[in-house]
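Engineer: here are the coordinates; sequence isn't available:
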């Protein structure tokens, strides 16, 4: 499990926008993951690091444990856990997400 925690920590640190999701940025495997990616792109995210958690059940569990958040997708921006798809959608609608990405 610690190898997964190390991977998550490094991924979040090394990428400004990370989505732990079902599927990939180009081919989301669930509506929530797809919507999160759409909102991020519409809000100005240029480079999104998508991590497909469907390929590894241990990673999927480690991601949920790492953030103490029970569902996917999980979005990190500039090293900070933002939340899931609903939160990102609300932030996108309010304009808050664009401001956060622009900083």
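Structural biologist: Cool, got the structure. This structure is a prediction, so every number in the text was calculated from the model and none was measured.
Engineer: contacts, neighbours, all on C-alpha from now
Structural biologist: Fine.
Engineer: Quick one: the strands in the protein, in order.
Structural biologist: For the chain, applying DSSP state E gives strands covering 17-21, 49-52, 74-77, 80-83.
Engineer: Pull the distance from the third one to the chain's centre.
Structural biologist: When C-alpha coordinates are averaged (Cα atoms, centre = their mean, to the nearest Å), strand 74-77 and its chain have centres 4 Å apart.
Engineer: What pairs with that strand, parallel or antiparallel?
Structural biologist: strand 17-21 (antiparallel), strand 80-83 (antiparallel) (DSSP bridges).
Engineer: just these: most buried one?
Structural biologist: strand 17-21 (a mean of 27; mean count of other Cα atoms under 10 Å).
Engineer: just to revisit the earlier point, how about the strands paired with strand 74-77 in CSV, adding distance to residue 42?
Structural biologist: Formatted as CSV, the strands paired with strand 74-77 follow (distance: least, Cα to Cα, whole Å):
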stretch, distance to residue 42
strand 17-21, 13
strand 80-83, 17
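Engineer: List the contacts of the nearest residue to residue 43 once chain neighbours are set aside.
Structural biologist: Once flanking residues are discounted, residue 43 sits nearest to residue 98: 4.7 Å by Cα to Cα, 6 or more residues apart in numbering. Listed by Cα atoms under 8 Å, 6 or more residues apart in numbering, the contact partners of residue 98 are 43-44, 92.
Engineer: Show the buried residues in those residues.
Structural biologist: Among these, those classed as buried by 16 or more other Cα atoms under 10 Å are 43, 92.
Engineer: quick check: mean pLDDT across stretch 32-48?
Structural biologist: Here stretch 32-48 scores 96 as its mean pLDDT.
Engineer: roughly how far is it from the heart of the chain?
Structural biologist: 9 Å.
Engineer: Next: stretch 77-92.
Structural biologist: 8 Å.
Engineer: what does it rub up against?
Structural biologist: 12-13, 15-18, 32-33, 35-36, 39-40, 42-43, 67, 69, 71-76, 97-98, 101.
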